[in-house]
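**Q** Here is my input; please provide its structure:
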Amino acid sequence: MRAVWDRNRSLVIGLVIPLLILSVFFLYLSRPVSYQDVVLNLATDFITIIITVFYVDWVLRQHDEVAWSQAEHYIASEVSVIGNSFIRDVADHLRIEDEIFQTIDSMDIQEIQSNILNRVRDIDRFVLEDAIAVMTKERWRDLISMVDARRADSTTVLSQFAPKMSPRQLESILEFRKSVRLSLVPIQFSQTS
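**A** Just a heads-up that it's a prediction; the model follows:
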């Protein structure tokens with residue numbers, strides 16, 4: 001109930017209260033009216049208004065969902081591009097592309113992405129340690145620049161699409177930004193020492 005009040009406070013103050021005052025004024029002018037008639041009229045009007053408001057809200061939400069369904073697809077695509085580019089760039093800098101991007105058996109994008117994420121998750125720890133051990137300072141600087149660039153890409157997507165992202169999409173991109181930021185701290189610290 002509190003959320004409804006917070007969301008509709010201006011509607012109540014700007015519309016409901018003035019209409020209520022106007023109704024009381026017109027009731028006063030149209031005397032003699034019994035108390036039961038007034039209550040019955042108010043109750044039916046109140047029920048009609050509530051049903052209308054909820055119905056109109058539902059129709060507008062349905063319209064919004066249809067109107068934004070294609071845009072949501074493009075937003076998800078943009079977020080996927082950032083994630084895939086990030087994985088590709090890190091794999092390139094660590095020179096472990098063959099471990100992650102193996103031959104493609106399917107042309108289904110969802111399946112390809114799922115396979116890549118599974119390979120990233122399951123990559124052998126020793127492969128990563130060996131790749132990190134041979135990184136030069138120049139490659140570390142390039143990696144940091146690339147990570148910063150991908151984080152900037154996510155900022156652009158957020159600034160353009162955040163109001164229309166689903167909570168899951170927004171949470172994913174914010175988690176990505178947090179992970180990228182946290183991953184940079186030890187790398188930058190080790191580069192300064």
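**Q** Where is the longest helix in the protein?
**A** helix 35-94 (DSSP state H).
**Q** Give the other helices and strands that that one contacts.
**A** When contacts are defined as 3 or more Cβ pairs under 8 Å, 6 or more residues apart in numbering; DSSP states H and E, helix 35-94 packs onto helix 97-100, helix 109-122, helix 125-133, helix 137-161, helix 167-192. No exception for glycine: its C-beta is placed from N, CA and C like everyone else's.
**Q** Let me know the average pLDDT across that helix.
**A** For helix 35-94, mean pLDDT is 82.
**Q** what angle sits between that helix and helix 109-122?
**A** Orientation check (axes from the mean of the first three to the mean of the last three Cα atoms, to 10 degrees): helix 35-94 against helix 109-122 gives 60 degrees.
**Q** Residue 127: what's it in contact with?
**A** Counting by Cβ atoms under 8 Å, 6 or more residues apart in numbering, residue 127 makes contact with 96, 99.
**Q** Return the distance of it relative to residue 19.
**A** 70 Å (Cβ to Cβ, to the nearest Å).
**Q** now the residue nearest the centre of the chain: how far from residue 164?
**A** For the chain, residue 170 is the residue whose C-alpha lies nearest the centre (Cα atoms, centre = their mean; 2.3 Å). Distance, residue 170 to residue 164, by Cβ to Cβ: 10 Å.
**Q** Equivalent analysis for residue 14, please.
**A** In this structure, residue 14 and residue 164 are 27 Å apart, going by Cβ to Cβ.
**Q** Between these two, point out the one with more neighbours.
**A** residue 164 (14 against 10; other Cβ atoms under 10 Å).
**Q** ok, now which ones touch that one?
**A** Neighbours of residue 164 in contact, by Cβ under 8 Å, 6+ apart: 68, 71-72, 75.
**Q** and what of residue 99?
**A** So, once contact is read as Cβ under 8 Å, 6+ apart, residue 99 ends up touching 91, 119, 123-124, 127.
**Q** And the pLDDT for residue 8?
**A** Note on residue 8: pLDDT of 69.
**Q** so residue 146 makes contact with residue 91?
**A** No: using Cβ atoms under 8 Å, residue 146 makes no contact with residue 91, being 11.1 Å away.
**Q** So for those two, which residue has more residues nearby?
**A** Counted by other Cβ under 10 Å, residue 146 and residue 91 do not tie: residue 91 has more neighbours, with 20 against 17.
**Q** what residues are up against that one?
**A** By Cβ under 8 Å, 6+ apart, the contact set of residue 91 is 97, 99-101.
**Q** With that, I have no additional questions.
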